[in-house]
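Asks: no letters, just coordinates:
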């Protein structure tokens, strides 16, 4: 029995009939030619994830399937045109739930990871938000909260940091 025959029998998901299907190709190793084309260095030592937007394909080589950050980056790249076509705006930020308000936060990953107070009120600890005309949601829910839709963010906060100390520390903003 073919895989498509099994998938078509699942009543609550129309995987093979979706208007934007995704094909995933997985290779357990990276050929020497591909490694040479990517260049030297340790950046690609464990694997490569490539998003082919035109063909709605995700190509995983080596141990890329085990690197969640690499996978999320590739999936975000693939999802962006589909989300945009359906009225959403994908942004590389975080949703923060404070009282009854939703806040869109843009900050360096290092700042988010270093501040446990912010992590406690984040909807998801992973970056990635989709905003539409009426609501917002996270791309990758990571907390025990069930994935859900939120109202549009009432506030946008942009945080930056520098090592010189000339910008205020996050807790002062």
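Replies: That came through, no problem. For clarity, every value in this text was computed on a predicted model and none was experimentally measured. Residues are numbered from 1 along each chain as shown.
Asks: please make it C-alpha for all contacts and neighbour counts, starting now.
Replies: Noted.
Asks: what bridges to the residue lying closest to residue 148 once chain neighbours are set aside?
Replies: Using CA to CA, 6 or more residues apart in numbering and skipping residues adjacent in sequence, the residue nearest residue 148 is residue 137, 6.6 Å away. For residue 137, the beta-bridge partners under DSSP bridges are residue 130.
Asks: tell me the pLDDT of residue 137.
Replies: Looking at residue 137, its pLDDT reads 88.
Asks: now residue 104
Replies: 91.
Asks: re earlier: show me the contacts for the residue nearest to residue 148.
Replies: 95, 129-131, 147-150 (CA atoms under 8 Å, 6 or more residues apart in numbering).
Asks: now the buried members of those.
Replies: Among those, the ones that count as buried by 16 or more other CA atoms under 10 Å are 95, 129-131, 150.
Asks: just checking, residue 87 touches residue 132?
Replies: Yes. Using CA atoms under 8 Å, residue 87 is in contact with residue 132, at 6.0 Å.
Asks: now do the end-to-end distance for stretch 49-68.
Replies: Stretch 49-68 has an end-to-end distance of 10 Å (criterion: CA to CA, to the nearest Å).
Asks: before we move on, what about stretch 33-53?
Replies: 23 Å.
Asks: the chain should start at 32 in everything you say after this.
Replies: All right, first residue 32 from here; so that's stretch 64-84.
Asks: show me the strands in this protein, by range?
Replies: 54-58, 78-83, 88-93, 120-122, 125-129, 132-137, 160-162, 166-169, 181-182, 186-189 (DSSP state E).
Asks: for residue 147, which of these is the nearest?
Replies: Residue 147 sits nearest to strand 125-129 of all the strands of the chain, at 12.8 Å, using CA to CA.
Asks: so in this protein, which helix runs the longest?
Replies: As assigned by DSSP state H, the longest helix anywhere in the chain is helix 99-116.
Asks: what residues of that one count as buried?
Replies: Buried-residue list, helix 99-116, by 16+ other CA under 10 Å: 101-114.
Asks: cool, and stretch 115-134?
Replies: Result for stretch 115-134 [16+ other CA under 10 Å]: buried residues 119-128, 133-134.
Asks: pLDDT check: weakest of those residues?
Replies: Where pLDDT dips furthest among these: residue 128, at 81.
Asks: quick one: residue 134 from residue 169, how far?
Replies: 12 Å.
Asks: before we move on, the earlier item: so how far is the longest helix of the chain off the chain centroid?
Replies: In this view, helix 99-116 has its centroid 6 Å away from the chain centroid, taken as CA atoms, centre = their mean, to the nearest Å.
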